[in-house]
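S.K.: When you get a sec, could you give me coordinates for this:
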Amino acid sequence: MVRIVGRTHPGARGGQNQDSIGWDESRQLAFVADGMGGYASGEVASGLVKQTLLDTAGTQRLVDAVMSAHANIQAAAAARPEYAGMGSTIVALHIADRVGTVVWVGDSRAYLWRRGSLQPLTRDHSVIEILRDAENLSETAIRSHPLRHKIVQSLGNDAPEPAVADTPLRKGDWLLLCSDGLSGELRDDKIADELRAHPSLEGSADALINGALANGGRDNISVVLVEYTGRSKIMLGGRWSERTMLWLSILGGVLLALTVTGVGLWFRHRR
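M.R.: Residues are numbered from 1 along each chain as shown. You can find the predicted model right below:
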């Protein structure tokens, strides 16, 4: 019920790519992890996240798997002094019962692309997001702020509290997971432009990577795109699946035809 495509690029800054991406189509799981730490530590941290999520797919709730990754990073750092202080962000998606559950820590993001509209599903765990509310900062001010890359939560450090968001899905929805190497270079409207211009998962993934590189590529860039191909989720409160809407329209047509026939018969008998 899903198709998944992923791309990752070290960007223009040189050195190792400390991002890790992964997915399991059979278990409808996908994720992006952005590692941080000196030398190869960031790569190690994000690699541990990847290994943990793939190993526990289908056996743990997603939020529990994320916390297992946190514990594994801490254990590795305790065992190897050179890994001290390493950490990783995470944004992970699991689809079950026509609902996409997103779990995240840090500033890697998830978006919903539905019928030509891009909707953020996450909010960064970052200093700038706190300042956005406190100081009512504009998007331009945010992008030039000296603390724009400072996060307040990461796996492997302190006691992170993963955030969770559930999204009822419709057939044809795309879900975009990305590291801040993409969102830091392309505003949301530019991301939407690339998705609109490239109707295939592969084409969009390549275009997003290339767009971030063309705009500077100052960080590692990672993109995972998930297309939901299953049935739409029936929603209460006025939101219905496409199948339900079809049957309601058919029922409405039948009732209208019966009403017209009944009125016609009534007038005939009145003559």
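S.K.: What segments of the stretch 51-200 of the chain are strands?
M.R.: Remark: strands assigned in the stretch 51-200 of the chain by DSSP state E, counting those that start in this stretch are 87-88, 90-96, 99-105, 109-114, 117-120, 163-168, 174-178.
S.K.: tilt between the fourth one and strand 163-168?
M.R.: Put plainly, it is strand 109-114. 10 degrees (axes from the mean of the first three to the mean of the last three Cα atoms, to 10 degrees).
S.K.: Also compute the angle for strand 109-114 relative to strand 99-105, please.
M.R.: 160 degrees.
S.K.: Relative to the whole chain's centre, how far out is strand 109-114?
M.R.: Between the centre of strand 109-114 and the centre of its chain there are 5 Å (Cα atoms, centre = their mean, to the nearest Å).
S.K.: begin at 676 from here
M.R.: With the count now opening at 676, the last piece we talked about shows up as strand 784-789.
S.K.: which helices and strands sit right next to it?
M.R.: Strand 784-789 sits against strand 765-771, strand 774-780, strand 792-795, strand 849-853, helix 863-872, with contacts defined as 3 or more Cβ pairs under 8 Å, 6 or more residues apart in numbering; DSSP states H and E. Heads up, the C-betas are built off the backbone N, CA and C, glycines and all.
S.K.: cool, and the last one?
M.R.: In terms of contacts (3+ Cβ pairs under 8 Å, 6+ apart), strand 849-853 is packed against strand 704-711, strand 765-771, strand 784-789, helix 863-872, helix 876-889, strand 896-903.
S.K.: and stretch 864-881, which residues are buried?
M.R.: 866-867, 869-870, 876, 879-881 (16 or more other Cβ atoms under 10 Å).
S.K.: which residues touch the most centrally placed residue in the chain?
M.R.: For the chain, the residue nearest the mean C-alpha position is Ala785 (2.4 Å; Cα atoms, centre = their mean). Ala785 makes contact with 766, 768, 777, 779, 795-797, 840, 850-852 under the criterion Cβ atoms under 8 Å, 6 or more residues apart in numbering.
S.K.: quick one: which of those residues is nearest Ala889?
M.R.: Distance to Ala889 across the contacts of Ala785 (Cβ to Cβ) is lowest for Leu851, with 18.3 Å.
S.K.: okay, that closest one: pLDDT?
M.R.: Leu851 is assigned 99 on the pLDDT scale.
S.K.: Once you drop chain neighbours, what's closest to it?
M.R.: Closest residue to Leu851 apart from its sequence neighbours, by Cβ to Cβ, 6 or more residues apart in numbering: Tyr786 at 4.3 Å.
S.K.: any low-confidence regions in the stretch 826-946 of the chain?
M.R.: 910-924, 927-932, 934-935, 937-946 (pLDDT under 70).
S.K.: rewinding a little: most tightly surrounded among the strands of the stretch 726-875 of the chain?
M.R.: strand 762-763 (a mean of 30; mean count of other Cβ atoms under 10 Å).
S.K.: picking up where we left off before, including distance to Ile817, could the helices and strands packed on strand 849-853 go into JSON lines?
M.R.: Formatted as JSON lines, the helices and strands packed on strand 849-853 follow (distance: least, Cβ to Cβ, whole Å):
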{"stretch": "strand 704-711", "distance to Ile817": "19"}
{"stretch": "strand 765-771", "distance to Ile817": "19"}
{"stretch": "strand 784-789", "distance to Ile817": "14"}
{"stretch": "helix 863-872", "distance to Ile817": "12"}
{"stretch": "helix 876-889", "distance to Ile817": "17"}
{"stretch": "strand 896-903", "distance to Ile817": "19"}
